[in-house]
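Student: what would the 3D arrangement of this be:
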Amino acid sequence: ANNLSAPIQLPNFFLSVNLSDMCLHPDLTIPASECLVLVELFSWTNGLSWTNRAGWFKTANVENWFGIRTTAWSIGDPLRHVDGIFLHKSSWIDENGIVSSWNGNNLVWTLPVTLWNLSYLKDFNVSRNTISGTIPNSITQLTGLEQVWIRNNLFSGPLPTNWSSIKTLKVLDANTNQFT
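Tutor: You can find the predicted model right below:
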């Protein structure tokens, strides 16, 4: 049983902040349940060590959190839903006009099982990190998944066997892991 309200240790300038409090913000642009999943993703993959965590927990507008894409799914619904997670590679132009980039975003440890509760998720890319653990069969319950990029990590165990149940899946790239 995971305690979503357990605070993670942040640098001193954050003092002692409970990250899940962001999910109670009145201007939050996604459902609180999806926000809590993102809090777990941040905590379980050592978000403090990410190379780029721009915007995370600094605004209730989740579209401004690095690597998160949201989409409005219903006309008149004020909330958006997380439909893309892209925490794999980034590039930027520095103050001297030089393009810099890195492979991966320094995600470590493991993915939270609640991640697969993001029922609107279409695109998922955490390639080129050092995430370990298994990919549970429950990922195949996300019937709208189109792309899954998990290459160059430390995932292990068997890959789910029922990928064919996701009729929308166009890309599954799980190369260079430790799957059995």
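Student: neighbours of residue 165, how many?
Tutor: As a burial measure, residue 165 scores 12 neighbours (other CB atoms under 10 Å). Bear in mind the C-beta positions are built from the backbone N, C-alpha and C, glycine included.
Student: in this structure it contacts residue 140, no?
Tutor: Yes - Residue 165 is within contact range of residue 140, at 5.2 Å (criterion: CB atoms under 8 Å).
Student: just the buried residues of stretch 60-75, please?
Tutor: 60, 62, 65, 67, 68, 69, 70 (16 or more other CB atoms under 10 Å).
Student: for stretch 149-168, same thing?
Tutor: 149, 150, 151, 152, 153, 155, 159, 160, 166.
Student: just the residues you listed: which are in strands?
Tutor: Residues of these located in strands (DSSP state E): 149, 155.
Student: where in the chain is pLDDT low?
Tutor: 1-17, 89-103 (pLDDT under 70).
Student: SS state for the residue sitting nearest the centre point of it?
Tutor: What sits nearest the mean C-alpha location of the chain, by CA atoms, centre = their mean, is residue 85, with 4.7 Å. Under DSSP: H, G, I helix; E, B strand; the rest coil, the three-state class of residue 85 is strand.
Student: next up, phi/psi of the residue nearest to it when sequence neighbours are not counted, please.
Tutor: Take residue 85 and drop its neighbours on the chain: the residue closest to it by CB to CB, 6 or more residues apart in numbering is residue 124, 5.2 Å away. Backbone torsions for residue 124, taken as degrees, to the nearest 10, come to phi -140, psi 120.
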